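In: dropping the sequence and predicted coords here.
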Amino acid sequence: MEMTRQNSPVLEARCLKKGYGSKPALDGVDLVLPRGQIIGLLGPNGSGKTTLIKLACGLLQPSAGELLINGMKPGVETKKVVSYLPERSYLPNWIRVRDALDQFEDFYSDFNREKAMDMLKRLRLEPQMRISEMSKGTREKIQLILVMSREADLYLLDEPIGGVDPAARDYILETIIAGYREDATLVISTHLIADVEKILDGIVFLKEGRIARVSSVEDIRENEGKSVDTLFREVFRC
Amino acid sequence: MLGKLIKYESRACGRIFVPMWAVSVGTSLLVLVVGSIIKAFAPGAGGTVDAIIDMISAFLVIGLVLLGVVTVVVRFYQNLISDEGYLSFTLPVTAAQHIVAKLLTGLLFLAGTALAVFLSQLITNFDGTTGVLNGLFSQLGRVQDGWLFFSLVLLFLLVAVVDTICKLYASMVAGSQFGRHRIVGSVVSYYLAGVMESIVMLVIGLPVFLPWINDLAQVNSQLAEGVLRPFTFLMLGVLTLFMALFSATYFFVSRWLLTKRLNLQ
């Protein structure tokens, strides 16, 4: 039977390996991410979260194995449907917010400018503001707005709330939930599990470059009677 | 998509180059005005004033060219290999399009810099600059196929600039593979690329064209005699071809590294 788009995974990794020199960052990862879910990609420092995300964005090439987005190897076509938020500030300092909006609108056909303007307004951010005039947290908010204003199939957010104060985290998480399409998949990599737990549908635990656990949040709560945060602390106890 | 990349690259370059050009032309005008005033009040100081104006003009030329090259290098590094690369390489474009956009925009703004240099020279030393040009054009008119030779020289210079830019790009991308030592890596890569060029020229070019190398070395005397020898054209063409082949090599090395071995900070 032919697999429909709705049933086909948005991301699929088979025996995926990536090493930096002799040190493996990912060591044989097999993973299938379905559509329409918010997934927490969780693990301690150096577990391979950022490497997996960079591979999915085509910023890195695998040492072995395969990673597919919508059934395609990362490239120009997959970049049209993947919206990526890195943990770094990637906007040039000299541009204004409206320049960044122009650039996203020019390059991504799925960019929704109205949605971006609405989010800016709600955060009381002006389009004529220069990036150089902003705090680190405000820059992160701008980048998040740009990324979440795309109608992408897959959103990859690397530490989206790491640089903002706790009061702003809830707003950002609301923005994330409100911003993405129902049939899109959203992957959030973070250490701040307690903050994101309430919006997650599923989790992927990464430990030393390997998948330690893949589960739905509902399963963890109902079958094990634990929160994701508690389970994380148990699995990754030093 | 290439057009869009060039549009945004032009904006980024324009904010650096255009003020630089304006400062150069403005400084030349100021120097001319101040020099004329001093000469009017102290006619005996004319020679000293002219010497100072020439010196300032020379500094302006050197400054403009250096700043132009540095800007082309920094734009490539900042936009593709440092943090901005996280945005650049998640845009739906190929690495080849990134390199071509940077190269074409860089050439465009370096051509603008050459024009600014020329304008500055015209302002500070109108008679000298037009005299040199008139002398060159009248000599080219007297020489058989002089204009063809001039066109080939211009083409050679253009390809040499492309070669230099592509070599700088490839060196930076190769240098980025060295992790925290990327600047040292870039400098070493640039040096090795220069050595590679010299070896190729010596091994392939020199034995073939050794019998006629004097023709190119004696180009001044040929121009004075009014007859350029055929091998002068051939040598110039072959040198241009070598430069073009080196440029293509650097382009493909950069593209391969940016596609297969991208190493952002």
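Out: That came in fine, so what should we check first?

In: CA atoms for contacts and neighbours, from now on please.
Out: OK.

In: for the nearest residue to B:F242 once chain neighbours are set aside, give me the pLDDT.
Out: By the measure of CA to CA, 6 or more residues apart in numbering or on different chains, the closest residue to B:F242 outside its immediate chain neighbours is B:M201, 7.8 Å from it. Turning to B:M201, the model gives it a pLDDT of 84.

In: try the one 10 residues further on
Out: The confidence metric pLDDT takes the value 72 at B:P211.

In: what's the burial count for it?
Out: B:P211 has 10 neighbouring residues, counting by other CA atoms under 10 Å in any protein chain shown.

In: give me every residue that touches it.
Out: The contact partners of B:P211, taken as CA atoms under 8 Å, 6 or more residues apart in numbering or on different chains, number zero.

In: quick revisit: from B:L245, how far off is the residue nearest to B:F242?
Out: According to CA to CA, to the nearest Å, B:M201 stands 11 Å off from B:L245.

In: can you give me the neighbour number for B:V227?
Out: Neighbours around B:V227, by other CA under 10 Å: 15.

In: over to B:D50?
Out: That count, for B:D50 with other CA under 10 Å as the rule, works out to 17.

In: right, and the helix or strand after the strand or helix carrying B:S28?
Out: Remark: B:S28 resides in helix B:2-41, with elements defined by DSSP states H and E. Once helix B:2-41 ends, the next helix or strand along the chain (criterion: DSSP H and E) is helix B:46-76.

In: then the strand or helix carrying A:K121 to PDB, C-alphas only?
Out: Counting by DSSP H and E, the element that carries A:K121 is helix A:113-122. C-alpha atoms of helix A:113-122 as PDB (Å, rounded to 0.1, in the frame of the first residue of the first chain):
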ATOM      1  CA  ARG A 113       5.100  38.200   7.200                       C
ATOM      2  CA  GLU A 114       1.800  39.000   8.800                       C
ATOM      3  CA  LYS A 115       2.400  36.400  11.400                       C
ATOM      4  CA  ALA A 116       5.800  37.800  12.100                       C
ATOM      5  CA  MET A 117       4.500  41.300  12.400                       C
ATOM      6  CA  ASP A 118       1.800  40.200  14.800                       C
ATOM      7  CA  MET A 119       4.400  38.400  17.000                       C
ATOM      8  CA  LEU A 120       6.600  41.500  16.900                       C
ATOM      9  CA  LYS A 121       3.700  43.600  18.000                       C
ATOM     10  CA  ARG A 122       2.800  41.300  20.900                       C
END
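
In: quick one, grab the pLDDT at residue 36.
Out: Assuming you mean chain A. With respect to pLDDT, A:G36 scores 90.

In: oops, I was thinking of chain B
Out: Note for B:S36: predicted pLDDT of 80.

In: same question for the one 5 residues further on.
Out: The predicted local distance difference test score for B:F41 is 82.

In: and for it, the neighbour number?
Out: Neighbours of B:F41 using other CA under 10 Å come to 9.

In: from B:G35, how far out is it?
Out: 10 Å.

In: what about the residue positioned nearest the centre of chain B, distance to A:M134?
Out: Central residue of chain B (CA atoms, centre = their mean): B:V161, 4.1 Å from the mean position. Per CA to CA, B:V161 is found 39 Å from A:M134.

In: cool, and A:G28?
Out: Counting by CA to CA, the gap from A:G28 to A:M134 is 41 Å.

In: the more surrounded of those two?
Out: Neighbours of A:G28 and A:M134, each counted by other CA under 10 Å, are more numerous for A:G28; the result is 19 against 13.

In: am I right that the more buried one is in a strand?
Out: Yes - with DSSP: H, G, I helix; E, B strand; the rest coil as the criterion, A:G28 is located in a strand.

In: surely it is in contact with A:R210?
Out: Yes - using CA atoms under 8 Å, A:G28 is in contact with A:R210, at 6.5 Å.

In: what is in contact with those two at once?
Out: Counting by CA under 8 Å, 6+ apart, nothing touches both A:G28 and A:R210.

In: now the strands for chain A?
Out: A:11-20, A:23-33, A:38-42, A:64-69, A:82-85, A:154-158, A:185-189, A:202-207, A:210-216 (DSSP state E).

In: can I get those in JSON lines with distance to chain B?
Out: JSON lines is the format used below for the strands of chain A (distance: least, CA to the nearest CA, whole Å):
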{"stretch": "strand A:11-20", "distance to chain B": "11"}
{"stretch": "strand A:23-33", "distance to chain B": "15"}
{"stretch": "strand A:38-42", "distance to chain B": "20"}
{"stretch": "strand A:64-69", "distance to chain B": "13"}
{"stretch": "strand A:82-85", "distance to chain B": "8"}
{"stretch": "strand A:154-158", "distance to chain B": "12"}
{"stretch": "strand A:185-189", "distance to chain B": "16"}
{"stretch": "strand A:202-207", "distance to chain B": "23"}
{"stretch": "strand A:210-216", "distance to chain B": "22"}
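
In: next, format the ones you listed as a markdown table and append distance to A:L101.
Out: Converted to a markdown table, those look like this (distance: least, CA to CA, whole Å):
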| stretch | distance to A:L101 |
| --- | --- |
| strand A:11-20 | 27 |
| strand A:23-33 | 29 |
| strand A:38-42 | 25 |
| strand A:64-69 | 25 |
| strand A:82-85 | 14 |
| strand A:154-158 | 18 |
| strand A:185-189 | 21 |
| strand A:202-207 | 31 |
| strand A:210-216 | 35 |
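
In: for B:Y190, which of these is the nearest?
Out: strand A:11-20 (24.6 Å; CA to CA).

In: tell me which residues in that closest one are buried?
Out: A:L11, A:E12, A:A13, A:L16, A:K17, A:K18, A:G19 (16 or more other CA atoms under 10 Å in any protein chain shown).

In: buried stuff in the helix or strand bottoming out on mean pLDDT in chain A?
Out: Least confident helix or strand of chain A, by mean pLDDT, DSSP states H and E, is helix A:166-179 with a mean of 77. Within helix A:166-179, the residues that count as buried by 16+ other CA under 10 Å are A:R169, A:I172, A:L173, A:T175, A:I176, A:I177, A:G179.

In: that helix packs against which elements?
Out: helix A:136-148, helix A:193-196 (3 or more CA pairs under 8 Å, 6 or more residues apart in numbering or on different chains; DSSP states H and E).
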